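# Any chance you could fold what I've pasted below:
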Amino acid sequence: MGVAAGPIRVVVAKPGLDGHDRGAKVIARALRDAGMEVIYTGLHQTPEQIVDTAIQEDADAIGLSILSGAHNTLFAAVIALLKERDAEDILVFGGGIIPEEDIPPLKEKGVAAIFTPGATTTSIVDWVRENVRQPAASGG
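As a prediction, this is how the structure comes out:
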């Protein structure tokens, strides 16, 4: 299918049992203001629902916001499902209350970036612009 033209498409999701989505909404709005298409899935999504949405919406990236402490399990589940469904080209990034020492193992599992509570929306928008949907190395 080649590289999709048009705006970068990002699914912003709140997996697990978090009842608080202010951060996710702030990020969704910032990405939208930057000209991206944002699909916000709302609260209490399972990894399966998030991956389904991303594939149906032809998303370029999935942004997960996790405050519940279940980030290790939830990120791993989303990445495993993307692999299983041959959709590993969808980048996974995340943010929330994630202890510093958990970040390197998450990146090893395939999480492209983690933004902790101090991250600015500008830094997240810039990261998405720089890392999502880069031309393939094949001269694309």
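
# for the residue nearest the centre of the chain, helix, strand, or coil?
Central residue of the chain (Cα atoms, centre = their mean): Gly63, 2.0 Å from the mean position. When classified by DSSP: H, G, I helix; E, B strand; the rest coil, Gly63 comes out as strand.

# The closest residue to it other than its chain neighbours: how many residues sit nearby?
Spatial nearest neighbour of Gly63, excluding adjacent residues (Cβ to Cβ, 6 or more residues apart in numbering): Val12 at 4.7 Å. Where you see a C-beta, it was placed from the backbone N, CA and C, and this is true even at glycine. The tally of other residues near Val12 (other Cβ atoms under 10 Å) stands at 25.

# Ala30: neighbouring residues, count only.
There are 17 residues near Ala30, going by other Cβ under 10 Å.

# what packs against the helix-or-strand element of the chain with minimal mean pLDDT?
Using mean pLDDT, DSSP states H and E, the weakest-scoring helix or strand in the chain turns out to be helix 22-33, at a mean of 91. Where contact means 3 or more Cβ pairs under 8 Å, 6 or more residues apart in numbering; DSSP states H and E, helix 22-33 is packed against strand 9-13, strand 37-40, strand 61-66, strand 91-96, helix 121-131.

# quick one: which of those is nearest Gly110?
With Cβ to Cβ as the measure, strand 91-96 is the member of the helices and strands packed on helix 22-33 nearest Gly110 (6.8 Å).

# In this structure, where is pLDDT below threshold?
By pLDDT under 70, the low-scoring segments of the chain are 1-4, 18, 134-140.

# at 50 what do you get?
Along the chain, the model assigns pLDDT under 50 to residues 1-2, 137-140.

# Tell me the spacing between Thr73 and Gly6.
Thr73 sits 34 Å away from Gly6, going by Cβ to Cβ, to the nearest Å.
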